[in-house]
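J.: Pasting a predicted model and its sequence here:
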Amino acid sequence: MTMQSVGKRLLILASIVPLSSWAAEQSLASEDIEVIEVLGRDSEKHFATYTYSATKTAADILDLPQSISAVTKELIQQQGLMRLNDVTPFVSGASEFSVYNDITIRGFRSQDDRRLNGMRTYNDFWSQTAIAHVERVEVIKGPASAIFGDASPGGVINTVTKKPLATSRHELSARIGSYQEKYVALDTTGAANQSESILYRLNVGYEDSESFRNQAFNKGLLVSPSVTFLASDTLKLNLEFVYSDSEGILERGQPNIRGSQQLGAVPIEVSATQPGDHLDTESLISSLAVDYRFSDSWWLAVQYMHQDSDQDLIEHGIGNYVDGSDSVVNLRYIDRNSEAESDSFSSYLNGNFYTGNIEHNVVIGYDYIDRFRESSQRVANNAIQFDILNPVYQHRDTASYNATQRPVFGGNLQSEGIYIQDRIVLGQWSLLASLREERFDLDNTGGGSSKDSQLLPRLGTVYKLSDTQSVYASWMQGFEPPPLYSNNPEQGGPFKPQDSELYEAGFKARLFNDNLQITTAIYQITRENVVLYDAEASAKIDFARYMYRQRGAERARGFEFDLNGQLSEQFSIIANYAYNSAKVTKDLNDSEIGKRKEGAAKHMATIWSRYQFNDNWSVGIGANYVGERPTSSEGLLLPSYVLYNAGIYYQADDWKASLVVDNLFDKVHWTGGYSYSQLFPGDPRSASLAINYRF
């Protein structure tokens, strides 16, 4: 893709702008809501009633033919959520696939598909994203490629950051907890001048914690300043930075004795990580959003985001078993340096007008992204010996290892799309129709490339039963380019794009004076040309590199139910349930057909309730259930589990305090895993005490 092609598409958008003069005569009364979320929101609800991301314009969730789950900042604070994976119990149909930035949605694994304020970002798979600066986390269910371009079939995860407020508000938070958890945060916002044309917000979070896992720790600093400039009634700008610096280890999971098919044969705290091992990641995201109104009916949104990320890894991991022993293993040593960079641009024109009695909300847009990632590493396959039944942790002389330099791996992905969308409203009916043309060009370091273009349609309809209830149905198609890390010929590539399709219908409502929101949905998702890890091919070359292959097709059918809000002034509730039947439907290996998909639980549910005794005291109690899940290892089913949680809350004037206990009955469980020799145990019982002061 060249700057010439980018320029052509910008000219297309520019040619549409004169339509605003016609639209002024067909003026439609519009709400004072930004097309880009450049201003913060004062809402204190535990659920979101609107979204910008699903349609690129402000829309009531009840008016959209799609299921959307949102975890707000209020719920994040109440539950003490610190990382992106922590929100999954509060999103129907979502669970952790592993301890990495790796989430299963509706049975489909989402490893790389992340958005920040609707913009594509580079996702560091190995470490989870901090959320100290987050207004809400949205999961837009289904393959939302018509708006986002490449998108995971289960859903798009969009993180919306806190924006400046005109109201002066400052909050300090501190938390201590089990495993030497220490966390402090600052959130401050207000007007920088008397006319309130310049608004600011600063979010800072710092963590220093240990873990129940041997040698594991987390240290992290997040700093996110943003400034909004209200230049006029028609022009608004937001400049934002997100800087993060995290230190920890690359968690490779709980090992096992040779040949064992027993979970828990080795204590859950045992790891192969050695003192001095570390995973250090530094990232800076810079973004500028501009919102310009030509008239009451037409406005233009432009966003640009740049991201730099550097990562330094030193690790000891399980290699092979030593001859004559079932517990002594050779540890593999890896010294890896990675860098990633991305530039993302989005521009879209939004218009409201009437043709007769029919209302139109039109979006015409173009976006472009250029993503680069490259890693180099030194590897010693048989560095030292380690007994997993009698683990010894000590600093190692890594200079003595016979480490060899491996070829550099990674690549560059350029992708661009142009799309048009129209939401047509006539009485109680509305129709959402969109079409996108997407092109991508992928070049792998060391050889191999893929190019393709796709037409991506979306069609959905909503019928408003009343102002607070609606039913909907939708159909959409999606795609993902081959993964950047596995497309070269030496790893089995190049691969075809991964195509997907969704059929969905549902019901939405807000009850009890809009204080309680309900969503139900039934769906079918199919995905073709699925790229997955090939354990058999990797073993044949003694894991000198990871090999991949393509599976013909997968299908997920399911039902979801979400309930969130106030049943009364004293009683609030969050509840969800998801049923998902995800299976392999096509594969070159006939024995795979009909099997359940990896990481896909059939049943999942969460309930959390809170009762307010008086103005000061309240209590909360809840449970989270995840059903058994297959892994990529033949015959291994991770067992189902139920975790119970409870909390006591106190508030007075500007003070809040909470004592929360997670995994109340100390249930041993596994949140994910690849094989009997690589399991990811969940946290044992833990408690945290948090204090928040607003001034």
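T.: The structure has been received and is ready for your questions. Residues are numbered from 1 along each chain as shown.

J.: Verify the stated contact: A433 with Q421.
T.: Yes: between A433 and Q421 there is a contact at 7.1 Å, judged by C-beta atoms under 8 Å. Glycine gets a C-beta too; all of them are placed from N, C-alpha and C.

J.: which of these two has more neighbours?
T.: A direct count of neighbours by other C-beta atoms under 10 Å for A433 and Q421 places Q421 higher, at 22 against 15.

J.: can you tell me how far the more buried one sits from W298?
T.: Using C-beta to C-beta, to the nearest Å, we find Q421 at a distance of 15 Å from W298.

J.: Would you mark the buried spots in the lengthiest strand in the chain?
T.: Ranked by residue count under DSSP state E, the longest strand found in the chain is strand 358-387. For strand 358-387, the neighbour count (16 or more other C-beta atoms under 10 Å) marks 359-377, 379-381, 383-384, 386 as buried.

J.: what's the average pLDDT for it?
T.: For strand 358-387, the mean pLDDT works out to 95.

J.: What strands line up against that strand, and which way round?
T.: strand 328-355 (antiparallel), strand 404-405 (antiparallel), strand 409-426 (antiparallel) (DSSP bridges).

J.: So for E438, which of these sits nearest?
T.: strand 409-426 (4.2 Å; C-beta to C-beta).

J.: Only C-alpha atoms, please: export that closest one in PDB.
T.: C-alpha atoms of strand 409-426 as PDB (Å, rounded to 0.1, in the frame of the first residue of the first chain):
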ATOM      1  CA  PHE A 409      11.300 -13.700  12.900                       C
ATOM      2  CA  GLY A 410       8.400 -11.400  12.500                       C
ATOM      3  CA  GLY A 411       7.100  -9.300   9.600                       C
ATOM      4  CA  ASN A 412       5.100  -6.300   8.400                       C
ATOM      5  CA  LEU A 413       1.300  -6.000   7.800                       C
ATOM      6  CA  GLN A 414      -0.300  -3.200   5.900                       C
ATOM      7  CA  SER A 415      -4.100  -3.100   5.700                       C
ATOM      8  CA  GLU A 416      -6.600  -0.600   4.500                       C
ATOM      9  CA  GLY A 417     -10.400  -0.400   4.100                       C
ATOM     10  CA  ILE A 418     -13.100   1.800   2.800                       C
ATOM     11  CA  TYR A 419     -16.700   1.400   3.900                       C
ATOM     12  CA  ILE A 420     -20.200   2.800   3.800                       C
ATOM     13  CA  GLN A 421     -22.900   2.300   6.400                       C
ATOM     14  CA  ASP A 422     -26.500   3.400   6.600                       C
ATOM     15  CA  ARG A 423     -28.800   3.100   9.600                       C
ATOM     16  CA  ILE A 424     -32.400   3.600   8.300                       C
ATOM     17  CA  VAL A 425     -35.200   4.300  10.700                       C
ATOM     18  CA  LEU A 426     -38.900   4.100   9.900                       C
END
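
J.: Parallel or antiparallel, which strands does the next helix or strand after that strand pair with?
T.: Counting by DSSP states H and E, the next helix or strand C-terminal to strand 409-426 is strand 429-444. According to DSSP bridges, strand 429-444 has the following sheet partners: strand 409-426 (antiparallel), strand 449-466 (antiparallel).

J.: Nearest to S632, out of these?
T.: Among the strands paired with strand 429-444, if distance is taken as C-beta to C-beta, the winner is strand 409-426, at 21.2 Å.

J.: and S415, what are its bridge partners?
T.: Going by DSSP bridges, S415 forms beta bridges with I369, F440.

J.: Show the contacting residues for it.
T.: Contact analysis of S415 by C-beta atoms under 8 Å, 6 or more residues apart in numbering lists M1, G149, D150, Y368, I369, E438, R439, F440, D441, P481.

J.: can you pull the pLDDT of the closest residue to the second one other than its chain neighbours?
T.: Nearest residue to G149 in three dimensions, chain neighbours excluded: G417, at 4.7 Å (C-beta to C-beta, 6 or more residues apart in numbering). At G417 the predicted local distance difference test score is 96.

J.: I figured G417 was touching I364, is that so?
T.: No: at 12.0 Å, G417 does not count as touching I364 under the criterion of C-beta under 8 Å.

J.: so who does L532 touch?
T.: Y548, R549, Q550, R551, E598, S632.

J.: make it 10 Å
T.: R109, P483, S486, Y548, R549, Q550, R551, E554, D587, E598, S632 (C-beta atoms under 10 Å, 6 or more residues apart in numbering).

J.: a markdown table please, covering the residues you listed and showing distance to T55 and pLDDT.
T.: Below are the contacts of L532 laid out as a markdown table (distance: C-beta to C-beta, whole Å; pLDDT from 0 to 100):
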| residue | distance to T55 | pLDDT |
| --- | --- | --- |
| R109 | 26 | 93 |
| P483 | 28 | 84 |
| S486 | 33 | 81 |
| Y548 | 35 | 89 |
| R549 | 36 | 91 |
| Q550 | 32 | 92 |
| R551 | 32 | 93 |
| E554 | 27 | 96 |
| D587 | 36 | 92 |
| E598 | 32 | 93 |
| S632 | 36 | 81 |
